[in-house]
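*Asks:* Could you look at this predicted model? Sequence included:
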Amino acid sequence: MTRLLQIEFIKLWNNRSSKVLILAYFILLTSIALFASIKFDIGPIKFHLAEQGIFNFPYIWHFNTFITALFKLFLAIVIVSMMSNEYSNKTIKQNLIDGLSKKEFIASKFLTVVAFSLLSTIFVFVVSMILGLAYSDFNELSIIFSDLEFLLAFFVKLLGFFSFCLFLGILVKRSAFALGFLILWMITEQLIYGFLGWKLVSWETASTIKNLLPLESMANLINEPFSRLKAVQSVAAQMGERFEFDYGVHWYEILLVIFWNTFFIYSSYAILKKRDL
Amino acid sequence: MATILSVHDLTKNFGALTAVKNVSFTIEKGNVYGILGPNGSGKSTTLGIVLNVVNKTSGDFKWFDGNTSTHQALKKVGAIIERPNFYPYMTAVQNLKLVCKIKEVSNEKIEEKLKLVGLLERKNSKFRTFSLGMKQRLAIASALLNDPEILILDEPTNGLDPQGIHQIREIIKKIAAKGTTILLASHLLDEVEKVCSHVIILRKGEKLYSGRVDGMLASHGFFELKTADFGKLQVYLEKHASFGDIKVNNEIITAFLKEEMSATQLNSSLFDQGIVLSHLVKRKESLEEQFLTLTKNAQ
């Protein structure tokens, strides 16, 4: 296993653009700490974001995993190109001739994706912990370590998304087209939803079906955290509105994403196995 | 002798086209094999199948004793097919280190192999800065990293300039001299003739011949003769039972043998007849002549 990871590491780390993007991604993950420094001080209006409760345990787990998941696009570029470059350089052919099996080839890519997701999760955990300890109003251990399922959801979400990227890279073979296809697919999921609701079934059923689609199911793992903020809720209450959302992470949502994840990795292997290089 | 590769009834269809049709052959340790055939005769497809990059339609092949999986066996094989494929953004050494990781061998041979192909001074240059000849030589170095049981080269001199072709041939000869088994696919007959002891001839996906180069035609060779008394010689040869075809070209008589006869024998019997030769050469058909005869017969 370490051999397969090392093989992929040599390929990625010697590529300048991959290296820059990977570093940029992890620096961005850390930069979430910068939210702490958002401070307005205009005469009577004093606003310090960190004081608004976004860094309160356990809310911080929800907030940070949601925000940092947005940066995954940087790694998506790296992952799509690490797969499709093997085709454009024809190095996949040479790898197989040199004695890497097709299974090992997919495994080395998948392990890299697992490593990326795991590293991201650890990063978010450490950064959130530091921010929380510095700004949270509650510091009891039981509160700090509650709602940790958001971290699990974050890990599964990244893993699912990156597996999708791997699959696209192997399916389309050209990194630019694969990324284009990714965007096209995002739109397609919404179009499927719109079409189903408009012509075929009720909007409610359409929404259930939409939630089963790969990207949508990944997005549903961690719901938006903003309406949960006290400040937002009090503003809403003043306007006579009340938000009643289910913010939790559900086991069936995780299972669904794991299903897609397995599907994409297995399909990548099936495609590679069937193709003549 | 140990068998390195045996191929049995291998067939590959690309849609309606049959690229390889029931091809069987065996590669024994220590020989230098050539796979000959015009472009599109199925050479690269056959190699692609045994190298795990093309899926076969039917038939099978066995590496070594047949007990190892193909990808494990390939770790003991060195192969380059068509064009050298490396990571363009990595240096020669970085690329070779990656190959060592894949083949699960240590890095210690890298310098030695780079030296063998004459790339030691450029070892820290990126692959994309290399000329085609250098890329091809790097590919050979890479194929040799594990001191392979067999070296497979598919059109190694394709697209190279004369100097590059010469360098590659010298390297191949050096490797062959060390006793490494080599399988060389080429459509260049003189290339195969210069290095190979055995040939496999393919045409339109079918095997026409496999065996020793000199056993390809049941031929005893021919004499090229020249003398002042031209007519007398011609009459003598035509009457002689050992000779078949007699051709005359530019005052040189070419006489094809039907049975074995040495040049000394012929010379002394002609001398007894009072025919004095000014030119006497005994030759075998070149591979090219044999190849053309063979492919013509098959049509």
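*Replies:* Arrived safely.

*Asks:* mind checking the end-to-end distance for stretch B:230-246?
*Replies:* Stretch B:230-246 stretches 13 Å from its first residue to its last (C-alpha to C-alpha, to the nearest Å).

*Asks:* which residues are in contact with it?
*Replies:* Outside stretch B:230-246, the residues within contact range by C-beta atoms under 8 Å, 6 or more residues apart in numbering or on different chains are B:225, B:227, B:248, B:251, B:253-259, B:261, B:270, B:273-275. C-beta: built from backbone N, CA, C; applies to glycine.

*Asks:* Any chance of a ChimeraX selection covering the buried ones in those residues?
*Replies:* Of these, the buried ones can be selected in ChimeraX as follows, counting by 16 or more other C-beta atoms under 10 Å in any protein chain shown:
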select /B:225,227,253,254,255,256,257,261,270,275
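
*Asks:* if we take the contacts of stretch B:230-246, which one ends up nearest to residue A:59?
*Replies:* In terms of C-beta to C-beta, no member of the contacts of stretch B:230-246 lies closer to residue A:59 than residue B:256, at 97.1 Å.

*Asks:* for that closest one, what are its contacts?
*Replies:* By C-beta under 8 Å, 6+ apart, the residues touching residue B:256 are B:219, B:222, B:243-247.

*Asks:* try residue A:102
*Replies:* Taking C-beta under 8 Å, 6+ apart, we find residue A:102 in contact with A:96, A:269, A:272-273, B:52.

*Asks:* returning to what we had before: filter the contacts of residue B:256 to the buried ones?
*Replies:* Judged by neighbour count, with buriedness set by 16+ other C-beta under 10 Å, the buried members of the contacts of residue B:256 are B:219, B:222, B:243, B:246.

*Asks:* Among those residues, which ones are in strands?
*Replies:* Using DSSP state E, B:222, B:243, B:246 are the members of those that sit in strands.

*Asks:* The first one contacts residue B:254, correct?
*Replies:* Meaning residue B:222. Yes: between residue B:222 and residue B:254 a contact is recorded at 5.7 Å, counting by C-beta atoms under 8 Å.

*Asks:* Tell me the secondary structure at residue B:39.
*Replies:* Per DSSP: H, G, I helix; E, B strand; the rest coil, the local secondary structure of residue B:39 is coil.

*Asks:* Spatially nearest residue to it (excluding sequence neighbours)?
*Replies:* Closest residue in space to residue B:39, ignoring its immediate chain neighbours: residue B:187 at 5.9 Å, by C-beta to C-beta, 6 or more residues apart in numbering or on different chains.

*Asks:* just checking, that neighbour touches residue B:35?
*Replies:* No: shown here, residue B:187 and residue B:35 do not form a contact pair, counting by C-beta under 8 Å, at 9.7 Å.

*Asks:* which neighbours do the two share?
*Replies:* Between them, residue B:187 and residue B:35 have residue B:43 as joint contacts when contacts are counted by C-beta under 8 Å, 6+ apart.

*Asks:* Compare those two and say which is more crowded by neighbours.
*Replies:* Remark: of residue B:187 and residue B:35, residue B:35 carries more neighbours, 29 against 16, as counted by other C-beta atoms under 10 Å in any protein chain shown.

*Asks:* Bridged to that one, which residues?
*Replies:* Residue B:35 has these beta-bridge partners by DSSP bridges: residue B:185, residue B:200.

*Asks:* residues contacting it?
*Replies:* B:43, B:46-47, B:183-186, B:199-202 are the contacts of residue B:35 under C-beta under 8 Å, 6+ apart.

*Asks:* Contact residues of chain A facing chain B?
*Replies:* Within reach of chain B by C-beta under 8 Å from any C-beta of the partner chain, chain A has these residues: A:3, A:6-7, A:10-11, A:14-16, A:89-91, A:93-102, A:104, A:273-274, A:276-277.

*Asks:* The residues you listed in helices, which ones?
*Replies:* A:3, A:6-7, A:10-11, A:16, A:91, A:93-97, A:102, A:104, A:273-274 (DSSP state H).

*Asks:* quick one: which helix or strand includes the residue nearest to the spatial centre of chain A?
*Replies:* When C-alpha atoms, centre = their mean is applied to chain A, the residue found nearest the centroid is residue A:158 (3.4 Å). Counting by DSSP states H and E, the element that carries residue A:158 is helix A:149-172.

*Asks:* Next, the angle helix A:149-172 makes with the next helix or strand after that helix.
*Replies:* Read in the C-terminal direction, the helix or strand following helix A:149-172 is helix A:175-195, with elements assigned using DSSP H and E. Note on geometry: by axes from the mean of the first three to the mean of the last three C-alpha atoms, to 10 degrees, helix A:175-195 and helix A:149-172 are set 110 degrees apart in direction.

*Asks:* what's the next helix or strand after helix A:175-195 in contact with?
*Replies:* Downstream of helix A:175-195, the first helix or strand assigned by DSSP H and E is helix A:203-210. Where contact means C-beta under 8 Å, 6+ apart, the residues beyond helix A:203-210 that reach it are A:189-190, A:192-194, A:196-197, A:200-201, A:216.

*Asks:* For the helix or strand hosting residue B:237, could you pull out the residues that count as buried?
*Replies:* Taking DSSP H and E as the criterion, the element that holds residue B:237 is helix B:230-239. By neighbour count with 16+ other C-beta under 10 Å, helix B:230-239 contains the buried residues B:233-234, B:236-237.

*Asks:* so what's residue 150 scoring on pLDDT?
*Replies:* No chain was given, so I picked chain A. Among the per-residue scores, residue A:150 shows a pLDDT of 92.

*Asks:* hm, I was asking about chain B
*Replies:* If you check residue B:150, the pLDDT there is 92.

*Asks:* Alright, I will stop here.
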